[in-house]
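sequence and predicted structure below; questions after.
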Amino acid sequence: MTKHTKQNKNTSPKGKGPNKPKFNSYWIYIGIIALFIGVQFFGGSNFNNTSETSPSEFENFLRNGDVERLIIYKNTRIAEVYLTEEAKEKPEHQSVSKDDAFGGQSPDYQFEFGDLQNFENKINEIKRENDIQLNPRYETKNDFWGDILIGLLPFIVIIGIWIFIMKRMSGGAGGGPGGQIFNIGKSKAKLFDEKTEVKTSFKDVAGLEGAKDEVQEIVDFLKHPDKYTNLGGKIPKGAILVGPPGTGKTLLAKAVAGEAGVPFFSLSGSDFVEMFVGVGASRVRDLFKQAKEKSPSIIFIDEIDAIGRARGKSNFSGSNDERENTLNQLLTEMDGFGSKTNVIVLAATNRADVLDKALVRAGRFDRQIYVDLPDLNERKEIFDVHLRPLKKVADELDTDFLAKQTPGFSGADIANVCNEAALIAARNGHSAVGKQDFLDAVDRIIGGLEKKNKIMTLEEKKAIAYHEAGHATVSWLLEYAAPLVKVTIVPRGQSLGAAWYLPEERLIVRTEQMLDEMCATMGGRAAEKVVFDKISTGALSDLEKVTKQAKAMVTIYGLNEKIGNLTYYDSQGQEPNFTKPYSEKTSELIDEEISKLIEIQYERAIDILRKNIDKLHKLAEILLEKEVIFKDDMEDIFGKRPFVKPKMSERNGSTSAKANAQSKKDAEEIQNNVTSSDEASPESKEDKENEKTSSNE
Ligand SMILES: Nc1ncnc2c1ncn2[C@@H]1O[C@H](COP(=O)(O)OP(=O)(O)OP(=O)(O)O)[C@@H](O)[C@H]1O
Ligand SMILES: [Zn+2]
């Protein structure tokens, strides 16, 4: 069961920071309205120190010359009488209040005169008889309540609209409309307390081994904070879980809380965002206050990008202040944690790249934990987890088989499949959930996913497998390409597949290293060309990367023979260049050289792949089958990477042509001793790099 956290204490928090507003902004609105009503009541002209009288008595006053002023309201048939100063002293006017707190603005008497014509005649008659100068003033006036109502009408309308919006925004959940207004500055966090909830544990999270390892530290810290602080260590304040929707980010965060046995506050970044100034910041404060009260605890903010988008970038209309305030408040709160505050903030997003730099700085969300779509094996595990609660599952059910049927599915999709299968089985009167029920459920979910363009055809999958296998093969066979760690055809962010390399830290990159890397980058497209004799649009980011690299070689690092030892790089880079720093002719030459560089590497990649076509096929097949391969699988196919320590004297060529020839020779060498050589270990490779770097200087 979830419950909304309530807090009935003082709403205006004691701000710590210097520029925190003392009041939540909605109090200001309420104040203005109250003030207005007050003015209506007390400043109004007929607040009661006016005595009632009758027309005949008035005639007496008039006769006696006591009346200074007479106001006649035609529409309400009321006359207001103001006495002269002397008259007020007379005993017959004792009932008239003398201490008029409002500057004597209110009349002394009022009465209803009935018929206006008669009344006027009577006044004129008395005036004539007694020689009295009095000209009544005529005014129109609404009655008191009508007056107030009309004055308040705009405010009532505004409040009405406001309440309406409030209700809409908070989904009409809980509490009356008034309650909503007064709770607007409260955080909407849902609290999952381990005492009242069924505990989520790592057992409930299938796969995600890497991510689990990383969050284990947070669990450990929450359990034994002293262990860390005693050693003077800094405690992590936050981590961001990055990954596509439905991959179990929320689940993982909840499991961290469950494992550590601490309360878990969960809400979405968009919950902070309201149209009223200051509300987001106030909600952030409230959330952290609640979390600190229950510390140690975990705050989980889903869709952090709703508030954490890079400032001044996302919105051209410029009215982003409210979101920025919210973000600033979040940063302030996170900075404000002392080492004694055992609150850890976990956030989730599927776009880490749009986040504000300030958010991912050290001491805030300085850890990013990747939560990717599951591969074949992980999908099997997720099926296992979600089959557990199903009461009756047919015995012959094979989760391996199910995992194979669901490429590209997220954990949430799989949870959906299991649920759907149970429903289908029930509808068809089956006594247990069987294989066919699952297949039907998969079909149904795929139908939904197809609409969202998330499913790839078998043909596409094959193309991607060869593309990635191409990268892997070429980079494996090139001495200077970064060593491969993992290749996958599980879609990842914008890309359809990916290869991970172990980047080396190099201070200086040599020509042959750049060329080898470019060649490996072209390996994807080259494989498509070699195998299908077709190329696809799937290589866009590869082309972008390789073009940038080639351009840098030619125009920045002076690594091209024809262009020579010069750079068009401007380290000051302050003034925008409206004119190119080189002539048209040079410009053409640059384009030509860039394109030549890339083409040579493309041809080279094709060449390598043609010579290793069997291995490429084998690799692609394994990829299709397992969806992910690691270094070990590569070694099974290619043998260990064959590169031996180079002889120093042979390696001092630095022009592209020489380097090219050198690398080609390498590739051929590899041909010959790919199965025999097993000398290269990562360390020796690194040593070699260092030596090479220094020899180059
Ligand atoms: N690795 C997993 N193991 C078991 N179940 C999973 C896994 N991943 C997702 N699920 C199931 O999918 C549901 C939704 O996952 P969750 O809400 O954690 O995804 P999310 O990554 O937070 O998604 P979003 O980005 O849309 O918020 C979970 O409640 C769980 O049932
Ligand atoms: Zn590629």
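Happy to help now that I have it. Numbers count the residues shown, from 1 in each chain. Ligands and ions are numbered 1, 2, ... in the order given.

contacts and neighbour counts: CA atoms only from here.
OK.

just the strands from the stretch 51-200 of the chain, written as ranges.
51-52, 67-73, 78-83, 109-112, 137-139, 190-192 (DSSP state E, counting those that start in this stretch).

and these as JSON lines, adding mean neighbour count, mean pLDDT and distance to ligand 1?
As requested, the strands of the stretch 51-200 of the chain are exported to JSON lines (neighbours: other C-alpha atoms under 10 Å; pLDDT from 0 to 100; distance: least, C-alpha to the nearest ligand atom, whole Å):
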{"stretch": "strand 51-52", "mean neighbour count": "15", "mean pLDDT": "82", "distance to ligand 1": "70"}
{"stretch": "strand 67-73", "mean neighbour count": "19", "mean pLDDT": "86", "distance to ligand 1": "67"}
{"stretch": "strand 78-83", "mean neighbour count": "22", "mean pLDDT": "86", "distance to ligand 1": "68"}
{"stretch": "strand 109-112", "mean neighbour count": "20", "mean pLDDT": "87", "distance to ligand 1": "70"}
{"stretch": "strand 137-139", "mean neighbour count": "12", "mean pLDDT": "83", "distance to ligand 1": "66"}
{"stretch": "strand 190-192", "mean neighbour count": "21", "mean pLDDT": "68", "distance to ligand 1": "14"}
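
those strands into JSON lines, with extra columns for distance to Leu331?
Formatted as JSON lines, the strands of the stretch 51-200 of the chain follow (distance: least, C-alpha to C-alpha, whole Å):
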{"stretch": "strand 51-52", "distance to Leu331": "63"}
{"stretch": "strand 67-73", "distance to Leu331": "63"}
{"stretch": "strand 78-83", "distance to Leu331": "64"}
{"stretch": "strand 109-112", "distance to Leu331": "64"}
{"stretch": "strand 137-139", "distance to Leu331": "61"}
{"stretch": "strand 190-192", "distance to Leu331": "21"}
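
please identify the helix or strand for Trp512.
Not Trp; residue 512 is Glu. helix 511-532 (DSSP states H and E).

in that helix, which residues are buried?
511-531 (16 or more other C-alpha atoms under 10 Å).

does ligand 1 have contacts with stretch 257-275?
No - using C-alpha under 6 Å from any ligand atom, stretch 257-275 never reaches ligand 1; the gap is at least 8.7 Å.

what ranges in the stretch 201-350 of the chain fall below the confidence cut-off?
Within the stretch 201-350 of the chain, the stretches with pLDDT under 70 are 274-277, 311-320, 337-340.

which residues of it lie near ligand 1?
By C-alpha under 6 Å from any ligand atom, the residues of the stretch 201-350 of the chain that approach ligand 1 are 204-207, 245-251.

which member of these is positioned nearest Leu152?
Thr250 (47.4 Å; C-alpha to C-alpha).

distance of the residue of the chain most remote from its centre from ligand 1?
Distance from the centre of the chain peaks at Glu129, with 86.5 Å (C-alpha atoms, centre = their mean). Per C-alpha to the nearest ligand atom, to the nearest Å, Glu129 is found 91 Å from ligand 1.

what is the burial count for Tyr228?
When neighbours are defined as other C-alpha atoms under 10 Å, Tyr228 has 14 of them.

and for the one 5 residues further on?
By the measure other C-alpha under 10 Å, the count of residues near Gly233 is 11.

nearest residue to the middle of the chain?
Asp305 (1.7 Å).

got a list of what it touches?
Counting by C-alpha atoms under 8 Å, 6 or more residues apart in numbering, Asp305 touches 269, 349, 351, 354-355.

now do the strands in the stretch 301-450 of the chain.
Remark: strands assigned in the stretch 301-450 of the chain by DSSP E, counting those that start in this stretch are 343-349, 367-370.

so which of the ones you listed is the most surrounded?
strand 343-349 (a mean of 26; mean count of other C-alpha atoms under 10 Å).
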